[in-house]
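Engineer: when you get a sec, could you give me coordinates for this:
(3 chains)
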Amino acid sequence: MNNLIILPILIPFVTAAILIFFHKKIRIQRWLSALSSIATIFVALVLVQKVHTDGIQSLNISSWDAPFGITLVSDMLSALLVLTTSVVAFVCLIYSFKSIGAEREKFYYYPVFNFLIVGVNGAFTTGDIFNLFVFFEVMLMSSYVLLVLGGTKIQLRESIKYLLVNVISSALFVITVAYLYSVVGTLNMAHISQRIAEIGQPGILSVIAVLFLIVFGLKGAIFPLYFWMPGSYYAPPAPVLALFGALLTKVGVYSITRTYTLFFYHDQGFTHELLQLLAIVSIIAGVIGAIAYWDMKKIIIYNIIVAVGVILYGVSVMNIDALTGSIFYLIHDMIIKAALFLLVGTIIAITGTSNLKKVSGLIKRYPGLGWTFFISALALAGIPPLSGFIGKLLIVQGGFEGSSYVGAGVVLMSSLLVLFSVMKIFINGFWGVHRAYENEDKAPVKWLLISPVILVILSALYGIGTEAILPYISQAAETLANPSIYIDAVLKE
Amino acid sequence: MRSNNNIILETTMKVVLFIIVLFSVYIFFAGHYYPGGGFIGGLMTSGAIVLLLIAYDIKTVATILPVNYRTMTGIGLLFAIGTSAGSLLFNVPFLTHAFGHIEVPILGDISLHTATLFDLGVYLVVVGVTMTIIQTIGEDE
Amino acid sequence: MEIVMAIVIGILFMTATYLMLSKSLLRIIVGTGLLSHGAHLLILTMGGLKRGAAPLLGEQGPYTDPLPQALILTAIVISFGVTAFFLVLAYRAYKELGTDNIEKMRGNRGNE
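Structural biologist: Presented below is the predicted three-dimensional model:
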């Protein structure tokens, strides 16, 4: 029993409830949200350290014992993801102060923002498959509101599609859980894993595994299921986009990782092959999209798909190196994607357009912006010593060890093309003839730069401090590679 | 105010409204040991308010019940979170409830449970959210 | 009994799919509602259909499994919330965009 686990969920929740009362008072809302965000980061740090020293922490909510009640479990992977989420949330929050606009702020932007964090942190922490669904829904409901907040035409139009896709995938989630329950008769994730190990994963469980892949793939945007993403993510303003891009898809990826390492690891012949195939095709499809578009937002959005593919490729290989790499890359990608979206948001705030052909010569007036973008582009592609490098290295290494040469090759090639796609933004947007933009002087560039700079510094530290961070990551990977650690921690308390 | 000739509805409503609200309160407390509880009670109460909305229009109802439903949702949430987070103070797992029996002079033995407070939160949230939704759709003609 | 339930669920899913493939937004929303009803019935069926006492102290066994019902209740609450939000959204979209035809909401204008 450790009530520390609940705090990263509880703090934003309480904040959100309190903020509902102050929805007209923007200043109070900002301060409270920022404070609660900092508190969450602090708690998450303590939690990571606690998990590192004392092993997996679990909490049986409402004092019902493990397989019967709802259990929250914090292993290293979820603790690290909660920490990253809190950091990204804080950074997006301070970016919002000067960019989201008073109208949205008055219309419950901050409460909904906090609810989103509740959902994301909850999904990372829960140890119960149905509870995962509930937190997914908390997260999705908030994302619907954030997506539509402001009510411009494009937002309304895209929200309808986004909502429809997610309603269907939620129904599918419920259906999948129903099938799983009928086979194993339990909902506690550790207990499910134990039961599956007892019955030795018959064919029906492979069907369930694929259903889970479809459900989480829809949220996480893997190859055939990413069709909704470029349109929907295009609509909201930059800080919301950064939150979505950095967090929402990663929850899907986390869920696939969790279910495929904890439940369906016995018979990897079909399910993991399928996952691998889809991951590779996702990388290719994402790269094609990222190169093809001349729209800055679109380019970064397609890069999400590439990253999801890379991470899931590592998961599908299922050896310790690849898993370590995947976790490294997952955290790196959350940080750097948020940074890139915020940077693109800043460019849009200056120029008023996201069309690359209408932007040029920014570096003359905004050198800080230019170089921050340059560094984050390098980090995204995985140039050492920045943070993307070590993750990709380990994934590729794991791929070669697992003798899946095609996949590893695709991951390597994708780095190059990803670099090309972001450099396209850099070269076209920052070099060239300096232009004057209409609303240029109104954009609070200095303030808007704070957030991405924080993230880029974090990313650099993450890359340089690999030695110091590695023990934490390998602890997380070890739990993934060896489910009995997780099961023992939850069930034998 | 719109002109209306639905006198039958208005008259019956005056009686039925109170029965529904009372019944919803009953259902709310019945949830203690039998089927019922905050969610269903809240839905029933909002059903009563919707009936009121059908009989009169939105402005009249707003003068009869000057409640800000969004604030109500917030209060409900705080109730629910407060009750569940109270367990943190006693160093037991989150959401653990306490209960006991109390002897009250006239009513006799009463069982008290902190889950009721939680349920009250749920009740307020349900009424608040439902009415917010209905108002949002109904507000502009 | 399971066969009957399976057929009912199948019909619900079928109708839901049909409705969701239509162009009118309202029909789509009704379709999503039916889809979630089907899913809820599926949980009930998958939990095992059998008669028995409530699993409380003092009741005589055999007991029924209370978990599917708890799951369904949760899922119903969630789908209620989502459907309500969807309705509000559809209404706002209808007013802003002037159409409830999903085909006409297609355009890529503003997306590129």
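Engineer: what about A:E438, neighbour count?
Structural biologist: Counted with other CB atoms under 10 Å in any protein chain shown, residues neighbouring A:E438 total 9. To be clear about C-beta, it is placed using only N, CA and C from the backbone, and glycine gets the same treatment.
Engineer: let me know the pLDDT of the spatially closest residue to it that is not a sequence neighbour.
Structural biologist: Spatial nearest neighbour of A:E438, excluding adjacent residues (CB to CB, 6 or more residues apart in numbering or on different chains): A:G352 at 6.0 Å. The model reports A:G352 with a pLDDT of 85.
Engineer: could you list the buried residues of the least confident helix or strand in chain C by mean pLDDT?
Structural biologist: Within chain C, judged by mean pLDDT, DSSP states H and E, the helix or strand with the poorest mean is helix C:67-97; its value is a mean of 89. Neighbour-count burial for helix C:67-97 flags C:67-68, C:71-72, C:74-75, C:77-93, C:97 (criterion: 16 or more other CB atoms under 10 Å in any protein chain shown).
Engineer: same thing with stretch A:25-32?
Structural biologist: Here stretch A:25-32 shows A:Q29, A:R30, A:L32 as buried, counting by 16+ other CB under 10 Å.
Engineer: remind me which residues of the chain are low pLDDT?
Structural biologist: You didn't pick a chain, so chain A it is. Along chain A, segments meeting pLDDT under 70 span A:1, A:493.
Engineer: my bad, chain B
Structural biologist: For chain B, the stretches flagged by pLDDT under 70 are B:1-5, B:140-141.
Engineer: residue of it closest to chain A, please.
Structural biologist: B:G74 (3.4 Å; CB to the nearest CB).
Engineer: can I take it that that residue is in a helix?
Structural biologist: Yes. Assignment of B:G74 by DSSP: H, G, I helix; E, B strand; the rest coil places it within a helix.
Engineer: now the residue most central in space within chain C: closest residue in space that isn't a chain neighbour?
Structural biologist: Nearest to the geometric centre of chain C sits C:S36, at 1.4 Å (CA atoms, centre = their mean). Nearest residue to C:S36 in three dimensions, chain neighbours excluded: C:S79, at 3.9 Å (CB to CB, 6+ apart).
Engineer: now do the contacts for that neighbour.
Structural biologist: Neighbouring residues of C:S79 by CB atoms under 8 Å, 6 or more residues apart in numbering or on different chains: A:S170, C:T32, C:G33, C:S36, C:H40.
Engineer: with A:I6 instead?
Structural biologist: Applying CB under 8 Å, 6+ apart, we find A:I6 in contact with A:L59, A:I61, A:L72, B:L88, B:F94.
Engineer: any idea which of these is closest to chain C?
Structural biologist: Distances from chain C to these, taken by CB to the nearest CB, are shortest for A:I61, at 13.7 Å.
Engineer: CA atoms of stretch A:344-351 as CSV?
Structural biologist: Output in CSV follows, covering the C-alpha atoms of stretch A:344-351 (Å, rounded to 0.1, in the frame of the first residue of the first chain):
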residue,chain,number,x,y,z
VAL,A,344,5.8,25.3,-34.9
GLY,A,345,3.1,27.0,-32.9
THR,A,346,5.5,29.9,-32.3
ILE,A,347,6.3,30.2,-36.0
ILE,A,348,2.6,30.3,-36.7
ALA,A,349,2.0,32.9,-34.1
ILE,A,350,4.6,35.1,-35.8
THR,A,351,3.7,34.5,-39.4
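Engineer: checking B:L112 next. Helix, strand or coil?
Structural biologist: Going by three-state DSSP: B:L112 is strand.
Engineer: how much space between it and B:T83?
Structural biologist: Counting by CB to CB, to the nearest Å, the separation of B:L112 from B:T83 is 13 Å.
Engineer: pick out whichever of those two has more residues nearby.
Structural biologist: Taking other CB under 10 Å, B:L112 and B:T83 do not tie; B:T83 has more neighbours (20 against 14).
Engineer: how many residues are close by whatever residue of chain B ends up closest to chain C?
Structural biologist: Scanning chain B for the residue nearest chain C gives B:I133, at 4.6 Å (criterion: CB to the nearest CB). Here the count is done by other CB under 10 Å, and B:I133 has 19 residues near it.
Engineer: so it touches C:F86, yeah?
Structural biologist: No. B:I133 is beyond contact range of C:F86, at 10.6 Å (criterion: CB atoms under 8 Å).
Engineer: among the contacts of A:I6, which are in helices?
Structural biologist: B:L88 (DSSP state H).
Engineer: in TSV, list the contacts of A:I6 along with neighbour count.
Structural biologist: Shown next, in TSV, are the contacts of A:I6 (neighbours: other CB atoms under 10 Å in any protein chain shown):
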residue	neighbour count
A:L59	23
A:I61	22
A:L72	24
B:L88	17
B:F94	23
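Engineer: which two of the contacts of A:I6 have the greatest separation?
Structural biologist: Greatest spatial distance among these (CB to CB): A:L72 and B:L88, at 13.3 Å.
Engineer: nearest residue to the closest residue to chain A within chain C in space, please, no chain neighbours.
Structural biologist: Across chain C, the shortest distance to chain A (CB to the nearest CB) belongs to C:M46, at 3.7 Å. In space, C:M46 comes closest to A:S182 once its chain neighbours are excluded; the distance is 3.7 Å by CB to CB, 6+ apart.
Engineer: quick one: the strands in chain B?
Structural biologist: With DSSP state E as the criterion, chain B has strands at B:99-104, B:108-113.
Engineer: try chain A
Structural biologist: Applying DSSP E to chain A gives strands spanning A:57-60, A:71-74.
Engineer: most tightly packed of these?
Structural biologist: Among the strands of chain A, judged by mean count of other CB atoms under 10 Å in any protein chain shown, the one packed with the most neighbours on average is strand A:71-74 (a mean of 26).
Engineer: show residues contacting that strand.
Structural biologist: A:5-6, A:47, A:51, A:56-61, A:82, A:125-128, A:188-190, A:486, A:489-490, B:94.
Engineer: what sits against the residue nearest to A:E438?
Structural biologist: A:G352 neighbours (CB under 8 Å, 6+ apart): A:Y437, A:E438, A:N439.
Engineer: so which of these would you say is closest to A:F21?
Structural biologist: For those, the residue nearest A:F21 by CB to CB is A:N439; the value is 34.2 Å.
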